[in-house]
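*Asks:* sequence first, predicted coordinates after that:
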Amino acid sequence: MPEPATEGQAEAGEARRGVDRELVRRAQQGDQQAFEELVRKHQGRVFAVAGGILRTREDVEDIAQQVFLKAYFSIKRFDQRAAFSTWLYKITVNECWDLLRKRKVRPLMYEADLNEEQARAYQSKEDGGEYVPDVSERLEAREQLEQWLECLDEKDRAMLVLKEVQGFTVEEIAGIMGLNGNTVKVRLFRARQRVAERIRRKKRAANV
Amino acid sequence: MNDPGIRPECEVLLNELEELGVDRLTEGEVSSALTGTSRQHAVRCEECRAAIEDFLATREGLLPARELVLEPGPWFVARVMAAVKSTENEIEEKKEGVWISVRRFAPRLAAFAGLLLVLGGTWAMEVHRREAALQVPQMRQAEGLFETVPSAAASDEVVATAGEEARP
């Protein structure tokens, strides 16, 4: 198991887990306010995990809601052997993969995936109206990200995004994925090899 | 790392790379973050230098993805709690629905059960009556206390009479 970066961070992590344990205990006894507090605390990271796997905001919001619903109705069976956050992120990853499997494709983010407001803003930019950099730049960034990561399978992609984009530690990723730390490190190492090779190849092709 | 393709002496350096934070790093910064042993190893090991390059290239390539990180809206918690309440209500309604169906059909179920009891009882009595009717002729042969038993007794009388005649 890797050592935490600093003692201070380790203590802070332990304190957070202690607060979570108490909130979970209260939620298991039917305290809805305690569960609401858990949602407030962990919504950001659930969004981060889902956002690393799914493409559209609507999907991320729907899955995040589903994750917390599942957590609510099965919290009495959660035995607190692992951290609540690990359990929650595991549910998130599984829900995301279930959704992708049901769709059977890995859709790129196209204009059709924008909601009405975003599409109007994009169209306005296209028509020479007020410049809205956010939407089109996000589309380009998303498409480029898809290009780099499409050489990876779902699990390696999720692990690399969790590590490099969302800042999860190897230990956290191992807990979420149900793997041991060494396996995560090896897979990250191999995933980086493939992605880096792809990036270099595209850059060489662009320079030609 | 327990991967056959990774030499044990490279594992230490690769482990250290994984422990680096998520900040954007230059090659110099990565090198500074490694231990002295790993830095010296990297100088000698082409594969580890390639691993450091891959690490930097991937981090650089994925940097734009950090701008795509979605944040939950301020209404998200309320949306979740509303969904929890709505689902709880659905579950309660389903339970009540089952009980309401049982109550609605209870009189019909009771009438049907009563009919089955009556029919079953009638059938059982009929079977019993028929069996009883079949046994009646046999029982009548020994009904009266003073009736003699005909044919068997007649043959005995003949034998007894013959025996008396044979006596001197």
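*Replies:* Looks like it arrived, so ask away. Residues are numbered from 1 along each chain as shown, chains lettered A, B, ... in the order given.

*Asks:* when you work out contacts or count neighbours from here on, use the C-alpha atoms and nothing else.
*Replies:* Fine.

*Asks:* quick one: name the residues of chain B near chain A.
*Replies:* Where chain B comes near chain A, counting by C-alpha under 8 Å from any C-alpha of the partner chain, the residues are B:1-3, B:14-15, B:18-19, B:21-22, B:51, B:54-55, B:57-59, B:61-72, B:77, B:79-81, B:83-84.

*Asks:* buried among the residues you listed? Need that as a selection in PyMOL.
*Replies:* In PyMOL, a selection of the buried entries from the residues of chain B next to chain A looks like this (16 or more other C-alpha atoms under 10 Å in any protein chain shown):
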select buried, chain B and resi 1+14+15+18+19+22+51+54+55+57+58+59+61+62+63+64+65+66+68+69+70+71+72+77+80+81+83+84
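
*Asks:* quick one: mean pLDDT for the helix or strand hosting B:Ala42?
*Replies:* Following DSSP states H and E, one finds B:Ala42 within helix B:36-44. Mean pLDDT, computed over helix B:36-44, is 87.

*Asks:* only the buried residues of it, if you could.
*Replies:* Residues of helix B:36-44 classed as buried by neighbour count (16+ other C-alpha under 10 Å): B:Ser38, B:Arg39, B:His41, B:Ala42.

*Asks:* okay if I get these as JSON lines plus distance to A:Val186?
*Replies:* Below are those laid out as JSON lines (distance: C-alpha to C-alpha, whole Å):
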{"residue": "B:Ser38", "distance to A:Val186": "18"}
{"residue": "B:Arg39", "distance to A:Val186": "20"}
{"residue": "B:His41", "distance to A:Val186": "19"}
{"residue": "B:Ala42", "distance to A:Val186": "18"}
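
*Asks:* and of those residues, the nearest to B:Arg103?
*Replies:* Distance to B:Arg103 across these (C-alpha to C-alpha) is lowest for B:Ser38, with 76.8 Å.

*Asks:* do you know how far the closest residue to that closest one other than its chain neighbours is from B:Ala42?
*Replies:* Spatial nearest neighbour of B:Ser38, excluding adjacent residues (C-alpha to C-alpha, 6 or more residues apart in numbering or on different chains): B:Leu13 at 5.2 Å. Using C-alpha to C-alpha, to the nearest Å, B:Leu13 is found at 8 Å from B:Ala42.

*Asks:* could you name every residue contacting both of these two?
*Replies:* Residues touching both B:Leu13 and B:Ala42 by C-alpha atoms under 8 Å, 6 or more residues apart in numbering or on different chains: B:Cys48.

*Asks:* any weak-confidence spans in chain B?
*Replies:* Applying pLDDT under 70 to chain B flags the ranges B:1-4, B:22, B:24, B:136-168.

*Asks:* ok, now chain A?
*Replies:* Residue ranges of chain A with pLDDT under 70: A:1-10, A:105-138, A:208.

*Asks:* so which residues on it come close to chain B?
*Replies:* Counting by C-alpha under 8 Å from any C-alpha, chain A sits next to chain B at A:2, A:5, A:36, A:39-40, A:43-44, A:47-48, A:51-52, A:57, A:61, A:65, A:68-69, A:72, A:138, A:141-142, A:145, A:148, A:163-167, A:169-170, A:182-183, A:185-186, A:189, A:192-193, A:195-197, A:199.

*Asks:* if we can go back for a sec, what are the contacting residues of the helix holding B:Ala42?
*Replies:* B:Cys10, B:Val12, B:Leu13, B:Ser31, B:Cys48, B:Arg49.

*Asks:* the strands in chain B, which residues?
*Replies:* In chain B, no segments count as strands under DSSP state E.

*Asks:* please, where are all the helices along chain B?
*Replies:* Remark: helices assigned in chain B by DSSP state H are B:8-18, B:27-33, B:36-44, B:46-62, B:76-140, B:150-166.

*Asks:* just checking, what packs against the first one?
*Replies:* Right, helix B:8-18. Secondary-structure packing of helix B:8-18 (3 or more C-alpha pairs under 8 Å, 6 or more residues apart in numbering or on different chains; DSSP states H and E): helix A:181-207, helix B:36-44, helix B:46-62.

*Asks:* at 10 Å instead, please
*Replies:* Applying 3 or more C-alpha pairs under 10 Å, 6 or more residues apart in numbering or on different chains; DSSP states H and E, one finds that helix B:8-18 contacts helix A:181-207, helix B:27-33, helix B:36-44, helix B:46-62.

*Asks:* so the third one versus helix B:8-18, what angle?
*Replies:* The directions of helix B:36-44 and helix B:8-18 differ by 110 degrees, with axes from the mean of the first three to the mean of the last three C-alpha atoms, to 10 degrees as the criterion.

*Asks:* how's chain A carved up into domains?
*Replies:* A:1-105, A:150-208 (automatic domain parsing).

*Asks:* right, I'll leave it there.
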